[in-house]
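Enquirer: Below are the sequence and a predicted model; questions follow.
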Amino acid sequence: MTRNQNIPMLHRRRALGRIACGFGATAAAAMLGEESVAAGVDPMAPKRSHFAPRVKRVIFLFLHGGISHVDTFDEKPELSRRSGQAVPFEKPDFEFAVTGNLLGSPWKFQSHGQSGLRISELFPRIGSVIDDICVVNSISGGNEVSHGPACLRLNTGDGVLNRPSLGAWTLYGLGSENRDLPGFITLTPSIYHGGTQNFGSAFLAASFQGTSIGDGNAEFPRTAAVSNVEPARPRDVQRRQLDLLAAANRDHLLETGADARLEARIRAFETAFRMQTAIPEVFDLSRESKETLALYGIGGGPTDEYGRECLLARRLAETGVRFIQVNHSYPRNYWDAHGGLRANHGKNAMKIDQPIAGLITDLKRRGLFDDTLVVLGTEFGRTPAAQGTDGRDHHPHAFSMLLAGGGVRGGMRYGRTDDFGYYVAENKVSIPDLHATILHLLGLDHERLTFRHAGRDFRLTDVEGEVVREILA
C-alpha cells in the first residue's frame, strides 16, 4: 500500500474540521467565507468597474455614539448668541428625550488653510490639513433616533432589516487586490448597536463580509501577535496538514471527478494559512520610522491607540485591502454625550485629532492619497438644544461628515443647516446619496450594482440615492 492509498478511508468532513481548529479565529472566519462559494469561481478576484474609478480603496473612520456637529464642523454664531433661550420652533414629535433650551458651543471656531474653512478648536491638527478635506454640513440620517438603527442605516443603508454592508457591496462589485488578506477589514468594531451586521454580508456571499480585528471592549493590540489571528498549532504542522489534505483531495478527484465544495474548502484553507503570516507582518509597526510613529501620535498619551489604528489603516491600504473601517467605538471610546459634553468631546477629540491629520499627511507623502477615499462619519449629530445642564441628545435630522482623497474637492464646505444647526437648509445629503457618491468614486454605478435575492434586485441605495457631483473634483 502506498503512502496515500489509505487517505480516502478518512472521514473527510471530520478531518477538515479538525484541521480548521488549528487556524486563528479571524483566519478561520475568512476561510469559511471562501468555502461558501463554488470552486472555479473566485469571488475576491479583481473585477472591472462600471467606469473609470477615481479611487481604489476606502478608509472609513467611524465615530460611534454621535459626534456633535455644532461643536465640531458646523459653526453656529446665532446658537451661541441665543444660548439659554427657548428653542424658537417646534421640535419633531419623535425626538425621544426631553431637551431644554438652546446650548451654544463651549468651543471657539477658527479659520484654517488657504480655504479659510472654520472648524472647532477641538481639531487643530485636522485644521492643518483642511485644504485637503471636503466638509459636508448637510447630512440627513432620516428618522433613526437610536444608535442601533442609525448605525445600521449608515453602514448598510437600512436601519431595520439585515442588509449587506457598504464594505461588502464594495467587495462584491470590485473584488480584492490582495489574496493574502481579507478585502474588507474592520478595526475594533462595537458588538453593540447592530454588532456584526454593520460589517456583514447578509444575502451576499460570506466572502464579502468584514473581518474584524479587535473590538470596542478592549485596547487595540500593541504587538504583531493578534489574538484572533494567532494559529493554535505550529506553522510547520499546519503546512503538513494542508499537504495531507491536498493529497486526499487529489485521490478523491481521481475516484469521483470534480467536487466543487471540496475544491472551495481546500482553496479557503490555503487562504487562511497565508493570512496568518500576512496579518502579523502588516501589524508589525516596528518597521515604521520614529518620525512616522510621531506623526500619528504613537508612543504614549491619549493619541497612541487611535494612532496605531490609523497607521495600520495606511499599511492595509498599501497592501491592497479594498475597504478598511477604523472604529472609535463603544464602550471604551464613545461620543454619546447626553451629559458632560465638554469632558466627553474634549477627551475624544484629543484622541483622534492628530492621528487623523497624520493619516492624511502620510497618505499624501506616500502617493496613496489620490487613489484613496477617506471618510470621517458618525451615525447622527446632536441637538442644538441642551439635554440636562451640559449634554446634547441624538439628532439625525442634520449633521456633518468629512471626505478627503481622490476625486473629492478639498478645502470646500458643502451644504448648510439653519442658524441653529437643527435642520438642513441647503443641499441635503441623505445616507443613500452618501453611499452613491462613495460607490461612484470607486467606479461603481449604484443603480447597476445589484444582487438578485428573494425575487427582486437589491442594491445598497435601494430605490434612492444620487451622486453628490458638486463635491467631486
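Expert: Ah, there it is.

Enquirer: tell me the centre residue of this protein?
Expert: residue 325 (2.4 Å; CA atoms, centre = their mean).

Enquirer: Give the bridge partners for it, please.
Expert: Here residue 325 sits in beta bridges with residue 60, residue 186, going by DSSP bridges.

Enquirer: hmm, who's touching stretch 403-415?
Expert: 54-55, 113-115, 117, 129-139, 360, 363, 369-376, 424, 426-429, 441, 468, 470-473 (CB atoms under 8 Å, 6 or more residues apart in numbering). (Glycine included, C-beta is placed from N, CA and C.)

Enquirer: Now do the same contact list for the residue nearest to the centre of the chain.
Expert: 59, 60, 62, 167, 184, 185, 186, 187, 189, 199, 210.

Enquirer: where's it relative to residue 372, distance?
Expert: 14 Å (CB to CB, to the nearest Å).

Enquirer: got any residues that touch both of these two?
Expert: By CB under 8 Å, 6+ apart, residue 325 and residue 372 have these common neighbours: residue 59.

Enquirer: so residue 401 bridges to which residues?
Expert: residue 136.

Enquirer: List the residues that contact it.
Expert: 136, 139, 375, 376, 377, 378, 434.

Enquirer: Filter the residues you listed down to just the ones in helices.
Expert: residue 434 (DSSP state H).

Enquirer: Same list (the contacts of residue 401) but as TSV, adding neighbour count.
Expert: Shown next, in TSV, are the contacts of residue 401 (neighbours: other CB atoms under 10 Å):
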residue	neighbour count
136	26
139	27
375	22
376	23
377	20
378	26
434	25
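
Enquirer: re earlier: for PyMOL, what selects the buried ones among the contacts of stretch 403-415?
Expert: Here is the PyMOL command that picks out the buried ones among the contacts of stretch 403-415, judged by 16 or more other CB atoms under 10 Å:
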select buried, resi 54+55+115+117+129+130+131+132+133+134+135+136+137+138+139+360+363+369+371+372+373+374+375+376+424+428+429+441+468+471
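
Enquirer: What's the separation between residue 75 and residue 468?
Expert: 21 Å.

Enquirer: the helices in the stretch 51-200 of the chain, which residues?
Expert: 77-81, 124-128, 147-156, 166-174 (DSSP state H, counting those that start in this stretch).

Enquirer: Now the last one: average pLDDT?
Expert: This predicted structure assigns helix 166-174 an average pLDDT of 98.

Enquirer: Likewise for the longest one?
Expert: Across helix 147-156, the average pLDDT comes to 97.

Enquirer: Ok, the first one next?
Expert: Confidence over helix 77-81, taken as the mean pLDDT, stands at 98.

Enquirer: now for it, which elements pack on it?
Expert: Here helix 77-81 touches no other helix or strand, going by 3 or more CB pairs under 8 Å, 6 or more residues apart in numbering; DSSP states H and E.

Enquirer: got a list of what the closest residue to residue 195 other than its chain neighbours touches?
Expert: Leaving aside its chain neighbours, residue 195 sits nearest to residue 189 (7.9 Å; criterion: CB to CB, 6 or more residues apart in numbering). Applying CB under 8 Å, 6+ apart to residue 189 gives the contacts 195, 196, 198, 199, 210, 212, 215, 216, 325, 327, 329.

Enquirer: neighbours around the fourth one, how many?
Expert: Neighbour count of residue 199, defined by other CB atoms under 10 Å: 25.

Enquirer: now swap in the third one and tell me
Expert: Residue 198 has 29 neighbouring residues, counting by other CB under 10 Å.

Enquirer: For residue 134, see how far away it is.
Expert: Taking CB to CB, one finds residue 198 at 24 Å from residue 134.

Enquirer: again with the first one
Expert: Using CB to CB, residue 195 is found at 31 Å from residue 134.

Enquirer: Skipping its backbone neighbours, what lies nearest residue 73 in space?
Expert: Nearest to residue 73 is residue 400, by CB to CB, 6+ apart, at 4.2 Å.

Enquirer: shouldn't that neighbour be in contact with residue 75?
Expert: No. Applying CB atoms under 8 Å as the test, residue 400 and residue 75 come out as separate, 10.6 Å apart.

Enquirer: Tell me which residues touch residue 311, please.
Expert: 285, 288, 292, 293, 296, 298, 355, 358, 359, 362.

Enquirer: From the contacts of residue 401, pick the one nearest residue 238.
Expert: Distance to residue 238, by CB to CB, is smallest for residue 375 among these, at 37.2 Å.

Enquirer: how about the closest one, what does it touch?
Expert: Residue 375 neighbours (CB under 8 Å, 6+ apart): 58, 59, 60, 61, 401, 402, 403, 438.

Enquirer: Quick check: the fifth one vs residue 374, distance?
Expert: With distances defined as CB to CB, the gap from residue 401 to residue 374 amounts to 11 Å.

Enquirer: again, but for the second one
Expert: Distance, residue 59 to residue 374, using CB to CB: 5 Å.

Enquirer: Could you do the first one as well?
Expert: Distance, residue 58 to residue 374, by CB to CB: 8 Å.

Enquirer: is it possible to export the contacts of residue 375 to JSON lines including pLDDT and distance to residue 454?
Expert: Output for these, formatted as JSON lines (pLDDT from 0 to 100; distance: CB to CB, whole Å):
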{"residue": "58", "pLDDT": "99", "distance to residue 454": "28"}
{"residue": "59", "pLDDT": "99", "distance to residue 454": "33"}
{"residue": "60", "pLDDT": "99", "distance to residue 454": "28"}
{"residue": "61", "pLDDT": "99", "distance to residue 454": "33"}
{"residue": "401", "pLDDT": "99", "distance to residue 454": "32"}
{"residue": "402", "pLDDT": "99", "distance to residue 454": "36"}
{"residue": "403", "pLDDT": "99", "distance to residue 454": "33"}
{"residue": "438", "pLDDT": "99", "distance to residue 454": "25"}
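
Enquirer: Could you single out the nearest of these to residue 314?
Expert: Closest to residue 314, out of all of the contacts of residue 375 and judged by CB to CB, is residue 59, at 8.0 Å.

Enquirer: what touches both of residue 59 and residue 374?
Expert: Shared contacts of residue 59 and residue 374, defined by CB under 8 Å, 6+ apart, comprise residue 359.

Enquirer: before we move on, back to that, what about the contacts of stretch 403-415, which are in strands?
Expert: Among the contacts of stretch 403-415, the ones falling in strands (DSSP state E) are 117, 133-139, 372-376, 424, 426, 429.

Enquirer: Looking at those, which is nearest residue 302?
Expert: Nearest to residue 302, judged by CB to CB, of the ones in strands among the contacts of stretch 403-415 is residue 376 at 18.0 Å.

Enquirer: Double-check that closest one against residue 402; I have them as touching.
Expert: Yes. When contacts are counted by CB under 8 Å, residue 376 is listed as touching residue 402 (4.0 Å).

Enquirer: Just give the number of residues close to the closest residue to residue 78 other than its chain neighbours.
Expert: With sequence-adjacent residues excluded and distances taken as CB to CB, 6+ apart, residue 78 is closest to residue 419, at 4.0 Å. Counted with other CB under 10 Å, the neighbours of residue 419 add up to 15.
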